[in-house]
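Chemist: Below are the sequence and a predicted model; questions follow.
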Amino acid sequence: MRTDFAERVRLTGEIDHATYELAATPQELADLDARRRQLDSAWETRPHSRDWHYLNTAFRTWAYAPEHGRQHLEWARYYRDEVGQDQLTAVQWRSIEQAQELSGNTFDVPYERNAPDTYRCAPGTPIPKFGADRQRPPIEHQR
């Protein structure tokens with residue numbers, strides 16, 4: 001399933017590239033689309049069709065709404081690690097990972113790094129002044 005899905009994603013990218021970059025003929029596009037649909041139909045008739053659909057949904061989420069994908073992943077990790085209840089099967093965990101990898105959204109944003117600096121924002125901490133408002137030591141003129 002993993003290899004077939006990666007091939008499906010590759011074919012989709014190839015169709016987009018052939019359409020917009022190469023100005024492919026309608027027959028060439030139809031051949032690529034037929035190969036992609038053949039993969040879909042083969043998996044939709046197998047016993048693991050639900051896993052194929054889950055992988056498709058995970059990929060679309062990571063590709064077109066990556067923030068939702070991250071939220072879902074954080075939710076699943078929280079329930080697994082903090083609550084002790086794993087809500088996903090091993091196949092679903094791997095599907096989420098593969099979908100994230102294939103979509104190119106594997107970066108992890110450390111939100112703490114992007115949060116306001118707690119020292120500078122703490123109450124009672126003086127705010128430094130810049131420019132004309134800055135207090136400068138008096139200039140001593142030597143005579």
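Modeler: Structure's in. What do you need?
Chemist: Checking the residue most central in space within the chain next. Helix, strand or coil?
Modeler: Geometric centre of the chain, nearest residue: Asn105, 3.4 Å, by Cα atoms, centre = their mean. Under DSSP: H, G, I helix; E, B strand; the rest coil, Asn105 falls in the coil class.
Chemist: so what's it closest to, chain neighbours aside?
Modeler: Of all residues not flanking Asn105 in the chain, Pro66 sits nearest, at 4.3 Å (Cβ to Cβ, 6 or more residues apart in numbering). Any C-beta I mention is one placed from the backbone N, CA and C, and that applies to glycine too.
Chemist: count of neighbours near the one you found?
Modeler: Here the number of neighbours of Pro66 (other Cβ atoms under 10 Å) works out to 15.
Chemist: Verify the contact between it and Ser103 for me.
Modeler: Yes: proximity of Pro66 to Ser103 meets the contact threshold set by Cβ atoms under 8 Å, at 7.1 Å.
Chemist: Any buried residues in the strand or helix carrying Asp33, and which?
Modeler: Assigned by DSSP states H and E, Asp33 belongs to helix 26-44. By neighbour count on 16 or more other Cβ atoms under 10 Å, the buried set for helix 26-44 is 32, 36, 40, 43.
Chemist: Stretch 8-25: which residues count as buried?
Modeler: Result for stretch 8-25 [16+ other Cβ under 10 Å]: buried residues 8-9, 11, 14-15, 18, 24.
Chemist: Make JSON lines from those and add pLDDT and distance to Arg60 to it.
Modeler: Listed next are the buried residues of stretch 8-25 as JSON lines, based on pLDDT from 0 to 100; distance: Cβ to Cβ, whole Å:
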{"residue": "Arg8", "pLDDT": "94", "distance to Arg60": "12"}
{"residue": "Val9", "pLDDT": "94", "distance to Arg60": "11"}
{"residue": "Leu11", "pLDDT": "93", "distance to Arg60": "15"}
{"residue": "Glu14", "pLDDT": "91", "distance to Arg60": "18"}
{"residue": "Ile15", "pLDDT": "91", "distance to Arg60": "16"}
{"residue": "Ala18", "pLDDT": "88", "distance to Arg60": "21"}
{"residue": "Ala24", "pLDDT": "84", "distance to Arg60": "24"}
